[in-house]
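**Q** my questions concern the predicted model and sequence given below.
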Amino acid sequence: MVSGARSLGELLPLWSVAPFVLLLVAVALLEVVAGRWWSSLRNKALVAIALAVPAAAQILVGHGSRGGVEALIHSMTEYVSFISLLAALFVISGGIELRGSLTGTPLANAGLLAIGAVLANLIGTTGAAMLLIRPLLRANAKRRNRAHLVVFFILVVANAGGLLTPIGDPPLYLGFLKGVPFEWTFRLWAPWLFVNGVTILIFNLVDQFIVNREERVNRTEGLLDELLAHEPLRLAGWRNVLLLCGVVLVLLGRGAGVGNGGDPWPVGLPEVALWAIAILSFRVTPHGIHEANHFGFRPIASVAIVFGAVFVTMTQPLLILNARAEQIGLERPWQYFWASGALSSTLDNAPTYLAFTSIAAGQLGIGVDDPRYLASLAGTAGGSELLFAIACGAVMMGSLTYLGNGPNLMVKEIAEDRGVRMPHFFGYALIAMVIMVPVLVATTFVFFGPG
């Protein structure tokens, strides 16, 4: 199977990556030049279909007998698993409400980001993001400038925070399914602490500066006093907390092969279980909680449409990348850190993780025909170092664009629904890189020794 996939990658022409490149360009440009038109789910679907159908046709018609059918089915299977998990976490977290109000001071906001960085490892970056973005926006409703709050929230809670467990972020979950021991990710605690700690510190300084400027410019000297006003917090929707635990059990059961002799569950069974939990959550959640959370399906629908096209059109680029691994010239951990991170920022970080772990395995002579080949990679000294770098790069740099990780677009959609004017694709990417690149460069020297 793997040799066929590699031979197919060698046969694919470079121009077959065009639909994927055009999709990235469309997502970036249409939001800037035709924002109102692009905001329509119908128009998003039209663009997605217009690019995904030719990509699927090219690999099916031109290379179907050489593994094209299997490759496309594999991409779509991963998409179904991806969107099933995101949808379940989105629906369930939308049924949990933190009532009362937090203070909106810079210190309290930084504390919320720190809580989110921890919580992301327990209920996933999607679950933590959906649970905490609304309280953050509500606590800062009196602020004129709130976009920076959401940007830093995406950087920490929706991405870098979920580095410590396979549940935290989709790439790590895929690694768990392919043989990485559950506890292996605990060793990533040092870069997790460093990156999130430095980023939250930067956020606190930026937020304090913006609060002080608002007080001067708008002559609102009592702004901090207003932000300190809050009501006692209480949690509503406890049944959904139990359902979140159900999602975690499904993920653990799938990876450990519970009830299936240790082998992974049959394709479709985990997805059905996740959708059943999501439907149950929606049915048992009181309407008042959904109303208070401004819950709606538009954010997850937008993500499903865009990423459906991403997973279809990425089939050829990933095959070509895997087939030409020897030409890429990656050898050292710091190279894998930046290469996997750079691709994760434009391509979803889950398939990027798989692409680079496949390259790393090939470099060490580890075959990828075994579905759990990453157990061998994680179990060797050199392989573990490369896996360490790939995991950090994929998770941390998934924050650099709206496409890097599934929760990014959902957080953006929710913030805009609540009246926050978010940066467009290029604007966000520029801001995120200005903040994160210095932190990531420091991370490289501290943990991956490029010298």
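**A** Happy to help now that I have it.
**Q** can you give me the buried ones in stretch 432-448?
**A** Buried residues in stretch 432-448, defined by neighbour count with 16 or more other Cβ atoms under 10 Å: A432, M433, I435, M436, V439, L440, T443, T444, F447, F448. Using the backbone N, CA and C atoms, a C-beta is placed for each residue, glycine as well.
**Q** stretch 158-169 now?
**A** Going by neighbour count (16+ other Cβ under 10 Å), the buried part of stretch 158-169 is A158, N159, A160, G161, G162, L163, L164, T165, P166, I167, G168, D169.
**Q** test my guess that L403 contacts M397.
**A** No. At 11.7 Å, L403 does not count as touching M397 under the criterion of Cβ atoms under 8 Å.
**Q** shared neighbours of those two, anything?
**A** Shared contacts of L403 and M397 (Cβ atoms under 8 Å, 6 or more residues apart in numbering): S345.
**Q** these two: which is more packed in?
**A** For L403 versus M397, neighbours defined as other Cβ atoms under 10 Å are more numerous around M397 (29 against 25).
**Q** ranges for the strands of the protein?
**A** Counting by DSSP state E, the chain has these strands, from start to end: 97-99, 234-236.
**Q** so which of the ones you listed is the most packed in?
**A** Across those, averaging neighbours per residue (mean count of other Cβ atoms under 10 Å) puts strand 97-99 on top, at a mean of 20.
**Q** pull the helix or strand with minimum mean pLDDT from this protein.
**A** One helix or strand of the chain scores below all others by mean pLDDT, DSSP states H and E: helix 223-228, with a mean of 55.
**Q** thinking again about what came up before, may I ask which two of the buried residues of stretch 158-169 are separated the most?
**A** Within the buried residues of stretch 158-169, A158 and P166 form the most distant pair, 17.1 Å apart (Cβ to Cβ).
**Q** could you dump stretch 336-351 to PDB, C-alpha only?
**A** The C-alpha coordinates for stretch 336-351 follow below in PDB (Å, rounded to 0.1, in the frame of the first residue of the first chain):
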ATOM      1  CA  TYR A 336      11.700  19.100  11.000                       C
ATOM      2  CA  PHE A 337      10.400  21.700  13.500                       C
ATOM      3  CA  TRP A 338      10.300  24.500  11.000                       C
ATOM      4  CA  ALA A 339       9.300  22.400   8.000                       C
ATOM      5  CA  SER A 340       6.300  20.800   9.600                       C
ATOM      6  CA  GLY A 341       5.400  24.100  11.200                       C
ATOM      7  CA  ALA A 342       5.600  26.000   8.000                       C
ATOM      8  CA  LEU A 343       3.400  23.500   6.100                       C
ATOM      9  CA  SER A 344       1.000  23.300   9.100                       C
ATOM     10  CA  SER A 345       0.300  27.000   8.800                       C
ATOM     11  CA  THR A 346      -1.100  26.700   5.300                       C
ATOM     12  CA  LEU A 347      -2.200  23.000   5.300                       C
ATOM     13  CA  ASP A 348      -4.200  21.600   8.300                       C
ATOM     14  CA  ASN A 349      -1.700  20.400  10.900                       C
ATOM     15  CA  ALA A 350      -3.100  16.900  11.200                       C
ATOM     16  CA  PRO A 351      -2.200  15.700   7.700                       C
END
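**Q** for that stretch, buried residues please.
**A** Neighbour counts over stretch 336-351 (16+ other Cβ under 10 Å) mark 336-341, 343-351 as buried.
**Q** okay, and which of these map to helices?
**A** Using DSSP state H, the subset of these located in helices is Y336, F337, W338, A339, S340, G341, L343, S344, N349, A350, P351.
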